[in-house]
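J.: got a sequence here, can you build the structure:
(4 chains)
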2 protein chains.
Amino acid sequence: MTPDRLDTIFSALADPTRRAILARLSLGTTSVTELAQPFDMSGPAITKHLKVLERAGLVIRSREAQWRPCSLDAKPLKEATDWLERYRQFWESSFDRLEDYLHEVQNNGEQDG
Amino acid sequence: MTPDRLDTIFSALADPTRRAILARLSLGTTSVTELAQPFDMSGPAITKHLKVLERAGLVIRSREAQWRPCSLDAKPLKEATDWLERYRQFWESSFDRLEDYLHEVQNNGEQDG
DNA sequence: GGTGTATTAAACTCACAAGTTAAATAACCA
DNA sequence: TGGTTATTTAACTTGTGAGTTTAATACACC
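T.: Take a look at the predicted model:
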């Protein structure tokens, strides 16, 4: 079963190191070594994270001498956002009242989950 | 290392079965059995998916006789969206030109990643 | 109290994700 | 050619996620 694009995107985002890498890349293109700098982690580990981001389409690599600069490509984030938008009404509108009600019901039934 | 809230939310979303469950729940509260209906998957598998969604705060359970109805709580989706919003400029604005340029550079350096 | 239905728990398998270290590749510099 | 830096590959360990089957629990109905 080949994974859905959203699977790949969301699971790429489900890691704090990778989100930090994206945050750094939002400031501009940079090298693997500089990306690795803030993390207490080996080089190969960063390479693997970059591969995950690349497979999700979130990072583009180029070549410059012995460096392979990384750049952000945010398009897949739009796909993620588009999916999430369908639920906006559920956190914005009065649908929240349903949820409050359900919290009550739940607390009657049991103390903790 | 305890996982970040965004870790938990994004990884809950990184599975097609769980996204389908959320889609179903956006139509209204329902039982585990009915949630399991569309999937070629055992009951316990669905229970586990529900636990993942519950831990992410996306699903709230209540009790009604021998049923444990599930309801959507979309608040964590707002957290996810808020994080993504910081990148909106990168897919909306002329930043895309950078990306087009990089595609060219990349295709000069190598054929495929 | 026993039976049927809904759901979860336990125990297990299998695959894969995330990290490691050591070695290989690639490109520059002398 | 050899040395240095940047990055990746290979091989491995460890943990965990997703699924299974079988058995237990919880509740309704009679």
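
J.: so where is chain A shaky, pLDDT-wise?
T.: In the predicted model of chain A, residues A:1-2, A:94-113 satisfy pLDDT under 70.

J.: tell me where it has helices.
T.: For chain A, helices defined by DSSP state H occupy the ranges A:5-13, A:16-25, A:32-36, A:43-55, A:75-85, A:88-92, A:96-109.

J.: separation between the spatially most central residue of chain A and chain B?
T.: The residue lying closest to the centre of chain A (CA atoms, centre = their mean) is residue A:13, at 1.8 Å. As judged by CB to the nearest CB, to the nearest Å, residue A:13 and chain B stand 4 Å apart. (Each C-beta comes from the backbone N, C-alpha and C, glycine too.)

J.: quick one: that residue and residue A:19 touch, right?
T.: Yes: counting by CB atoms under 8 Å, residue A:13 does reach residue A:19; the two are 6.3 Å apart.

J.: identify the contacts common to those two.
T.: Common contacts of residue A:13 and residue A:19 (CB atoms under 8 Å, 6 or more residues apart in numbering or on different chains): residue B:6.

J.: and for residue A:39, the neighbour number?
T.: 14 (other CB atoms under 10 Å in any protein chain shown).

J.: skipping its backbone neighbours, what lies nearest it in space?
T.: Nearest non-adjacent residue to residue A:39, counting by CB to CB, 6 or more residues apart in numbering or on different chains: residue A:17, 6.1 Å away.

J.: get me the contact residues on chain A for DNA strand C.
T.: With CB under 7 Å from any atom of the strand as the criterion, chain A meets DNA strand C at residues A:11, A:14-15, A:17, A:40-45, A:48-49, A:52, A:63, A:65-66.

J.: same thing but 10 Å
T.: A:1, A:3, A:7-8, A:11-12, A:14-18, A:36, A:39-49, A:51-53, A:55, A:63-68, A:113 (CB under 10 Å from any atom of the strand).

J.: could you restrict those residues to the ones contacting DNA strand D?
T.: The residues of the residues of chain A next to DNA strand C that also fall near DNA strand D, by CB under 10 Å from any atom of the strand, are A:1, A:7, A:11, A:14, A:36, A:42-49, A:51, A:63-68.

J.: which outside residues touch stretch A:7-27?
T.: A:30, A:35, A:38-39, A:41, A:46, A:49-50, A:52-53, A:55-59, A:70-72, A:76-77, A:79-80, B:4, B:6-7, B:10-11, B:13-16, B:83, B:86-87, B:90.

J.: stretch A:35-46 now?
T.: Under CB under 8 Å, 6+ apart, the answer for stretch A:35-46 is A:17, A:20-21, A:24-25, A:32-33, A:50, A:70.

J.: before I go, just wanted to say thanks for your time.
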